[in-house]
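J.: Compute the structure for the input listed below.
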Amino acid sequence: MAGHCVNLILQGKYMKNRLRILYLSSEVSPFAKTGGLADVANSLPKALFDLGHDVRVMMPKYGLIGDRKYTLREVIRLKEIPVRFGNKEVIISAKSAFVPDSKVQIYFIEYPPYFDRSELYVDEKTGKDYPDNAERFALFSYAVLETVKILHWEPQIIHCNDWQMGLMPWLIKNYIRHDPFFEKTRTMFTIHNLAYQGNFSLDILPSIGLPDYLREPQSDMEFYQQISFLKSGITSANVITTVSPTYAKEIQTSDELSAGMKGILQSRSSRLYGIQNGADYSVWDPEKDPLIAKTYTANSFNLKQANKVELLKVCKLPFDESIPVIGMISRLVEQKGIDLVINAIENIMKLNVQLVILGKGNSFYQKALHQIQSRYTGRVCVATRFDDELAHLIEAGSDMFLMPSRFEPCGLNQIYSLRYGTVPIVRRTGGLADTIVDFITDPNKGNGFVFDSYNGDDMVKAIKNAVEAFKDKKLWLKLAKRGMRQNFSWKVSADNYVKYYYKMESQNRRK
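T.: Sure, this is the predicted structure:
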């Protein structure tokens with residue numbers, strides 16, 4: 001009863017100070033996704049809405065987003081909007097829908113020459129970034145400003161994510177500084193991965209409507225004789241956040257993890273905060289997950305076994321209750337530690353485990369993993385694609401989940417794994433360090449297995465520790481259930497974001 005009263009008081013507080021929050025992301029699940037950003041952009045706006053705020057989301061209308069599939073609707077007043085863009089004027093439109101399972105409205109900025117493509121950032125034909133990415137996402141920012149004005153909806157907070165949205169804080173601070181419509185607008189810029197920076201030639205400035213002085217060293221955008229959309233967001237936003245507290249510290253102290261931006265980040269350290277990402281338990285919860293073979297809870301943990309049976313059936317691997325299955329769901333890029341797995345595969349296989357890997361990315365890694373699958377027939381399954389249904393089955397059907405990341409700003413799969421009673425094996429970095437406690441060093445609080453140094457021997461040692469623990473069924477059950485009962489819901493994260501939104505309201509927009 002007391003908790004209910006506290007909740008009502010909090011709701012009253014938020015409703016009294018209801019904020020208009022515009023959430024900008026280049027990808028939002030399920031409409032378009034390449035990584036964890038899309039999941040965050042789906043979940044956080046819903047959590048903010050549940051706290052009583054007026055939240056709207058905007059993203060590009062890519063060619064892969066089907067109007068009928070997602071019930072996109074035309075908005076009469078958002079058709080054929082002229083947008084001044086560099087030395088030209090283009091005509092954009094916007095369509096509307098709702099983020100699934102919510103009342104959060106999402107708008108899709110439509111400009112076919114830039115966005116009607118099958119991929120988001122990379123040209124499938126060349127395997128390289130689209131050469132016009134600067135123009136594409138610059139236009140998106142200009143189009144957003146025109147769209148909200150036509151909607152007569154004045155955002156108090158514009159929450160921007162990653163380099164694709166990095167131009168927006170600069171535009172609010174400089175380009176429209178005298179526009180009374182945006183007088184009360186403040187910007188937050190969230191860094192999901194500092195390694196992706198949106199760096200382009202200085203010569204692009206005129207074509208995206210930016211002044212020539214930005215090419216000068218130490219400007220808001222100049223970065224090693226290029227312009228950087230990421231730097232633009234960092235230098236211009238009222239508040240900068242990262243997706244875990246440890247990552248916020250790492251990028252200000254580590255030359256490797258700061259990717260050349262350490263000094264820039266340190267100069268804004270008083271406005272840089274780490275907020276741990278949450279999990280959307282309406283999507284990732286074994287008690288009600290429609291994509292797994294058998295639902296289960298901590299109190300019916302024995303039912304998890306049916307998912308292991310089904311996973312191995314789908315992967316064409318033999319089932320043996322005594323052999324642990326290690327799952328991996330990852331973009332196949334260097335950041336994720338795929339090289340450690342490939343180089344240490346012989347020692348991993350000596351531990352008598354089965355390995356299931358789902359992911360897409362670097363062609364070298366894809367080829368190497370398929371070769372490993374051929375070499376270890378009946379023990380390794382590799383699926384180089386994006387497959388949401390298989391991802392859920394891997395979380396439910398695996399005994400362990402491996403994340404040997406070189407760096408990990410937050411990570412979501414280790415949080416999902418805890419909920420599914422699938423014990424994480426991770427490297428101590430970024431959000432992995434903030435969420436996983438090593439069982440070997442702290443048996444009373446441990447919820448996974450952790451290694452420190454980025455090398456294959458340490459990773460294999462952590463896997464070996466997990467395999468040994470797995471042999472003690474009573475101990476393993478206790479460990480798995482401990483993880484299942486932890487709470488990393490978006491409600492906690494959303495509360496922290498709101499705290500900084502309110503703090504931003506008192507700040508000068510141009511500082």
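J.: who does residue 108 bridge with?
T.: residue 59, residue 95 (DSSP bridges).
J.: Just give me the neighbour total for it.
T.: Neighbours of residue 108 under the rule other CB atoms under 10 Å: 24. (C-beta placed from N, C-alpha, C; glycine too.)
J.: do residue 77 as well
T.: 11.
J.: Skipping its backbone neighbours, what lies nearest it in space?
T.: residue 150 (5.7 Å; CB to CB, 6 or more residues apart in numbering).
J.: In terms of helix, strand or coil, where does the one you found fall?
T.: helix (DSSP: H, G, I helix; E, B strand; the rest coil).
J.: OK, contacts around it?
T.: Taking CB atoms under 8 Å, 6 or more residues apart in numbering, we find residue 150 in contact with 77, 78, 81.
J.: what separates it from residue 440, distance-wise?
T.: Computed as CB to CB, to the nearest Å, the residue 150 to residue 440 distance reads 58 Å.
J.: cool, residue 35 as well?
T.: Distance from residue 35 to residue 440, by CB to CB: 30 Å.
J.: Between the two, point out the one with more neighbours.
T.: residue 35 (18 against 15).
J.: Let me see the ranges of the strands in the stretch 1-150 of the chain.
T.: Ranges of strands in the stretch 1-150 of the chain, per DSSP state E, counting those that start in this stretch, are 20-24, 54-60, 73-74, 81-85, 88-98, 105-110, 122-123, 128-129.
J.: Next, format these as a markdown table and append distance to residue 475.
T.: Compiled in a markdown table, the strands of the stretch 1-150 of the chain are given as follows (distance: least, CB to CB, whole Å):
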| stretch | distance to residue 475 |
| --- | --- |
| strand 20-24 | 43 |
| strand 54-60 | 44 |
| strand 73-74 | 54 |
| strand 81-85 | 61 |
| strand 88-98 | 45 |
| strand 105-110 | 45 |
| strand 122-123 | 45 |
| strand 128-129 | 48 |
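J.: Nearest approach to residue 467 belongs to which of those strands?
T.: Closest to residue 467 of those is strand 122-123 (CB to CB; 37.2 Å).
J.: tell me what that closest one is packed against?
T.: Helices and strands touching strand 122-123, by 3 or more CB pairs under 8 Å, 6 or more residues apart in numbering; DSSP states H and E, are strand 128-129.
J.: partners of residue 425 in the sheet?
T.: Here residue 425, judged by DSSP bridges, has bridge partners residue 402, residue 449.
J.: Would you check that my belief about it contacting residue 460 is correct?
T.: No - in this structure, residue 425 is not within contact of residue 460 by CB atoms under 8 Å, at 10.2 Å.
J.: These two: who's more crowded?
T.: residue 425 (26 against 21).
J.: Spell out which residues make up each domain of the protein.
T.: Under automatic domain parsing, the residue ranges defining each domain of the chain are 11-278+491-505, 298-486.
J.: Dump these to a markdown table, plus distance to residue 288.
T.: Listed next are the domains of the chain as a markdown table, based on distance: least, CB to CB, whole Å:
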| stretch | distance to residue 288 |
| --- | --- |
| domain 11-278+491-505 | 12 |
| domain 298-486 | 11 |
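J.: how about the strands in the stretch 351-500 of the chain?
T.: Going by DSSP E, counting those that start in this stretch, the stretch 351-500 of the chain shows strands at 354-358, 380-383, 400-403, 423-427, 449-451.
J.: Nearest approach to residue 303 belongs to which of the ones you listed?
T.: Of all the strands of the stretch 351-500 of the chain, strand 423-427 comes closest under CB to CB, at 17.2 Å.
J.: which residues sit against the closest one?
T.: Under CB under 8 Å, 6+ apart, the answer for strand 423-427 is 326, 337, 399-406, 408, 411, 414, 417-418, 432, 436, 447-452, 454, 459, 462-463, 466, 476, 479-480, 483.
J.: Now with 6 Å, please.
T.: Residues from elsewhere that reach strand 423-427 (CB atoms under 6 Å, 6 or more residues apart in numbering): 400-405, 414, 417, 432, 436, 448-451, 462-463, 466, 479-480.
J.: Quick check: the gap between the closest residue to residue 100 other than its chain neighbours and residue 115.
T.: Nearest non-adjacent residue to residue 100, counting by CB to CB, 6+ apart: residue 30, 6.5 Å away. As for residue 30, its distance to residue 115 is 17 Å (criterion: CB to CB).
J.: Counting neighbours, go ahead and name the busier of those two.
T.: residue 115 (23 against 15).
J.: Could you report the neighbour count for the closest residue in space to the more buried one that isn't next to it in sequence?
T.: Nearest non-adjacent residue to residue 115, counting by CB to CB, 6+ apart: residue 60, 4.5 Å away. Other residues within reach of residue 60, judged by other CB under 10 Å, total 26.
J.: can you tell me which residues contact residue 60?
T.: Contacts of residue 60 (CB under 6 Å, 6+ apart): 109, 115, 140.
J.: Is the first one in contact with residue 142, as I believe?
T.: Yep, that's residue 109 we're talking about. No - Residue 109 lies out of contact with residue 142 (CB atoms under 6 Å); the separation is 9.8 Å.
J.: tell me the contacts of residue 99?
T.: 42, 106.
J.: now swap in residue 410 and tell me
T.: Per CB under 6 Å, 6+ apart, neighbours of residue 410: 243, 244, 277, 431.
J.: residues near the first one, how many?
T.: Residue crowding around residue 243 was assessed by other CB under 10 Å; the count is 28.
J.: separation between it and residue 31?
T.: Distance of residue 243 to residue 31, computed by CB to CB: 20 Å.
J.: One more: the second one?
T.: In this structure, residue 244 lies at 25 Å from residue 31, with CB to CB as the measure.
J.: what's the answer for the third one, then?
T.: Distance of residue 277 to residue 31, given as CB to CB: 19 Å.
J.: Kindly report the same for the last one.
T.: Distance, residue 431 to residue 31, by CB to CB: 24 Å.
J.: Let me have the strands of the stretch 351-500 of the chain in CSV, extended by mean pLDDT.
T.: Shown next, in CSV, are the strands of the stretch 351-500 of the chain (pLDDT from 0 to 100):
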stretch, mean pLDDT
strand 354-358, 98
strand 380-383, 98
strand 400-403, 98
strand 423-427, 98
strand 449-451, 98
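J.: Next, format those as TSV and append distance to residue 394.
T.: Formatted as TSV, the strands of the stretch 351-500 of the chain follow (distance: least, CB to CB, whole Å):
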stretch	distance to residue 394
strand 354-358	6
strand 380-383	9
strand 400-403	8
strand 423-427	13
strand 449-451	18
